[in-house]
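Undergrad: what's the 3D shape of this:
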Amino acid sequence: MVQRKQYMEKLKKVKDLKIIKVITGVRRCGKSTLLLMFRDYLSECGVEDNQIISVNFEDVAYESLLDYKKLHDYVSERLIPRKMTYVFLDEIQNVPQFQKTVDSLFIKDNVDVYITGSNAQLLSGELATLLSGRYIEISILPLSFAEYFELMGGNQRDAWNSYYKNGGFPYIATIEDEEICRDYLTGIYNTVLLKDIVARKKISDVPLLESVIKFLFVNIGSIVSSKKIADSLTSYGRKTTSVTVENYIDALIQSFILYKVGRYDVKGKQYLKSLEKYYLVDVSLRRLVLSEKNIDVGHILENIVYLELVRRGFSVSIGKVEDKEIDFIAVLGDNKIYYQVAASILDPTTFEREISPLKKVKDHYPKYILSMDEFPMSEDGIKQKNIVEFLLGK
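TA: Numbers count the residues shown, from 1 in each chain. You can find the predicted model right below:
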């Protein structure tokens with residue numbers, strides 16, 4: 001089992017604070033495992049077993065607790081007087097009106113509440129209003145390459161090839177058979193599609209939803225709009241509207257399948273209101289849905305780098321510099337870093353295409369071109385860095 005160090009450190013920092021800890025992320029990204037690791041940490045700190053109450057709402061053994069009142073009574077009966085009790089409620093979105101239970105537990109003394117969910121609606125509407133200022137969200141992603149390599153061990157190049165192909169869903173790393181691996185990913189995809197999107201959003205035209213998904217998966221890292229998607233699908237006989245497409249995109253974002261990245265005008269110093277890019281929570285899903293002929297190495301690498309920047313805590317946007325584009329502007333506090341991502345920049349034309357937008361930015365923040373090339377290059381203070389080395393933090 002790989003230690004999710006960055007997430008564990010966050011949980012340790014907020015332990016015992018009067019804040020509800022909300023752990024979110026796509027299905028099977030490791031939320032439940034993280035809670036198990038944190039429970040082990042609590043035990044190592046001297047917390048007794050009866051001070052930990054854990055309920056996983058995907059376990060049929062707890063089906064009777066899907067009623068929020070019964071859940072409240074179940075937890076309340078097990079609280080230890082004058083001792084801190086740690087309450088873990090896994091996949092809490094399965095409990096209608098769960099926010100009433102969570103809020104009631106929150107106001108009790110000596111109760112430390114941790115909840116997980118696979119849908120962003122967990123923090124929308126009534127819950128966000130009810131818990132305003134009283135919760136902290138810890139958003140979980142599938143394994144980074146550094147975590148994947150730590151788990152797999154062996155040769156770095158072999159590990160990278162496997163990660164690039166199969167992605168970072170934690171259990172995937174334990175499966176050697178390619179067919180079983182594909183079946184496992186299909187299970188994740190179908191569960192998210194049917195339970196988190198179709199059922200939750202009451203979508204009746206599933207084939208249209210799948211067409212939108214395929215369009216977005218083909219065009220990861222490309223500027224798109226809901227109108228462009230609607231027009232394209234309509235031209236192929238799938239008549240729809242930009243409003244419908246926008247609703248489907250929102251559902252994919254809320255299920256943590258897609259991440260939307262806005263554009264920033266570097267010289268105008270303002271965020272632009274249209275023409276975003278979208279990236280996937282894990283590149284394995286793109287390979288699953290699309291045929292091998294649609295594999296776009298450059299955009300897959302871009303997707304992997306985007307996720308890594310998010311893991312490292314950066315706020316990420318797409319840079320616009322006059323008529324040119326910078327793949328990522330990563331901001332963390334007072335720090336800012338510009339990144340271009342390419343499969344290779346050994347070709348002079350490609351090198352010029354990637355470096356010219358960075359040259360147009362006249363500030364003194366670091367600027368990098370990330371590529372698979374293993375020969376370090378630099379020009380005008382702009383450095384090339386190998387993507388794998390970047391992902392390993394070297």
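Undergrad: how about the helices in the stretch 251-394 of the chain?
TA: Secondary structure of the stretch 251-394 of the chain (DSSP state H, counting those that start in this stretch): helices at 284-289, 297-311, 348-359, 387-391.
Undergrad: Show residues contacting the third one.
TA: So the one you mean is helix 348-359. 319, 321, 324-326, 338, 340, 342, 344-345, 367, 369, 377, 379-380, 382 (CB atoms under 8 Å, 6 or more residues apart in numbering). (C-beta placed from N, C-alpha, C; glycine too.)
Undergrad: quick one, what contacts the residue nearest to Asn219 when sequence neighbours are not counted?
TA: The spatially closest residue to Asn219, leaving aside those adjacent along the chain, is Tyr278, at 7.6 Å (CB to CB, 6 or more residues apart in numbering). Taking CB under 8 Å, 6+ apart as the contact definition, Tyr278 lies against Leu216, Asn219, Ile220, Val224, Ile249, Leu258, Tyr259, Lys260, Val261.
Undergrad: tell me the pLDDT at the last one?
TA: In other words, Val261. Note for Val261: predicted pLDDT of 97.
Undergrad: what about the nearest residue to it once chain neighbours are set aside, how many neighbours?
TA: Distance criterion CB to CB, 6+ apart; nearest residue to Val261, sequence neighbours excluded, is Lys277 at 4.8 Å. Summarising burial for Lys277: neighbours were counted as other CB atoms under 10 Å, giving 24.
Undergrad: need the contact list for Lys277.
TA: With CB under 8 Å, 6+ apart, Lys277 has these contacts: Ile220, Gly221, Ser222, Ile223, Val224, Lys260, Val261, Arg263, Ile318.
Undergrad: Mind giving me the PyMOL select for those residues, buried ones only?
TA: In PyMOL syntax, the buried subset of the contacts of Lys277 is picked out as below (16 or more other CB atoms under 10 Å):
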select buried, resi 220+221+224+261+263+318
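Undergrad: Tell me the bridge partners for the residue nearest to Asn219.
TA: Lys260 (DSSP bridges).
Undergrad: From Lys83, how far out is it?
TA: 47 Å (CB to CB, to the nearest Å).
Undergrad: returning to what we had before: mind putting the contacts of Tyr278 into JSON lines with distance to Cys181?
TA: As requested, the contacts of Tyr278 are arranged in JSON lines below (distance: CB to CB, whole Å):
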{"residue": "Leu216", "distance to Cys181": "23"}
{"residue": "Asn219", "distance to Cys181": "25"}
{"residue": "Ile220", "distance to Cys181": "21"}
{"residue": "Val224", "distance to Cys181": "29"}
{"residue": "Ile249", "distance to Cys181": "28"}
{"residue": "Leu258", "distance to Cys181": "22"}
{"residue": "Tyr259", "distance to Cys181": "23"}
{"residue": "Lys260", "distance to Cys181": "28"}
{"residue": "Val261", "distance to Cys181": "28"}
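Undergrad: which of the residues you listed lies closest to Glu48?
TA: Proximity to Glu48 was ranked across the contacts of Tyr278 by CB to CB; first place goes to Tyr259, at 40.1 Å.
Undergrad: For the closest one, which non-adjacent residue is spatially closest?
TA: Tyr279 (5.0 Å).
Undergrad: If you count neighbours, what's buried in stretch 239-247?
TA: Applying 16+ other CB under 10 Å to stretch 239-247 flags Thr240, Thr244, Val245, Glu246, Asn247 as buried.
Undergrad: which regions of the stretch 201-350 of the chain lie under the pLDDT threshold?
TA: 292-294 (pLDDT under 70).
Undergrad: Backbone dihedrals for Cys29, please?
TA: Main-chain torsions, Cys29, degrees, to the nearest 10: phi -90, psi -10.
Undergrad: any idea how far it lies from Ile382?
TA: Distance from Cys29 to Ile382, by CB to CB: 34 Å.
Undergrad: The strand or helix carrying Ala159: which residues count as buried?
TA: Element membership for Ala159, per DSSP states H and E: helix 156-166. Neighbour-count burial for helix 156-166 flags Ala159, Trp160, Ser162, Tyr163, Tyr164, Asn166 (criterion: 16+ other CB under 10 Å).
Undergrad: so how far is Val218 from the fourth one?
TA: The reference is to Tyr163. Distance from Tyr163 to Val218, counting by CB to CB: 22 Å.
Undergrad: The first one now?
TA: Taking CB to CB as the criterion, Ala159 is separated from Val218 by 27 Å.
Undergrad: likewise the third one?
TA: Ser162 sits 24 Å away from Val218 when distances are taken as CB to CB.
Undergrad: So which of the contacts of helix 348-359 sit within strands?
TA: Gly319, Val321, Lys324, Glu325, Ile326, Tyr338, Gln340, Lys367, Ile369, Glu379, Ile382 (DSSP state E).
Undergrad: how many other residues sit next to the first one?
TA: Each residue near Gly319 was counted by other CB under 10 Å, and the total is 22.
Undergrad: okay but it is in contact with Phe328, surely?
TA: Yes - using CB atoms under 8 Å, Gly319 makes contact with Phe328 at a distance of 7.3 Å.
Undergrad: Are there residues contacting both of the two? Which ones?
TA: Contacts common to Gly319 and Phe328, judged by CB under 8 Å, 6+ apart, are Tyr338.
Undergrad: Tell me where the model's unsure across the stretch 1-150 of the chain.
TA: Ranges of the stretch 1-150 of the chain meeting pLDDT under 70: 123-128, 130.
Undergrad: possible to save the helices of the stretch 251-394 of the chain as CSV with distance to Glu58 and mean neighbour count?
TA: As requested, those are exported to CSV (distance: least, CB to CB, whole Å; neighbours: other CB atoms under 10 Å):
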stretch, distance to Glu58, mean neighbour count
helix 284-289, 21, 20
helix 297-311, 25, 21
helix 348-359, 45, 16
helix 387-391, 31, 19
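Undergrad: Figure out which of those is closest to Met8.
TA: So among the helices of the stretch 251-394 of the chain, helix 297-311 is nearest, using CB to CB, at 13.6 Å.
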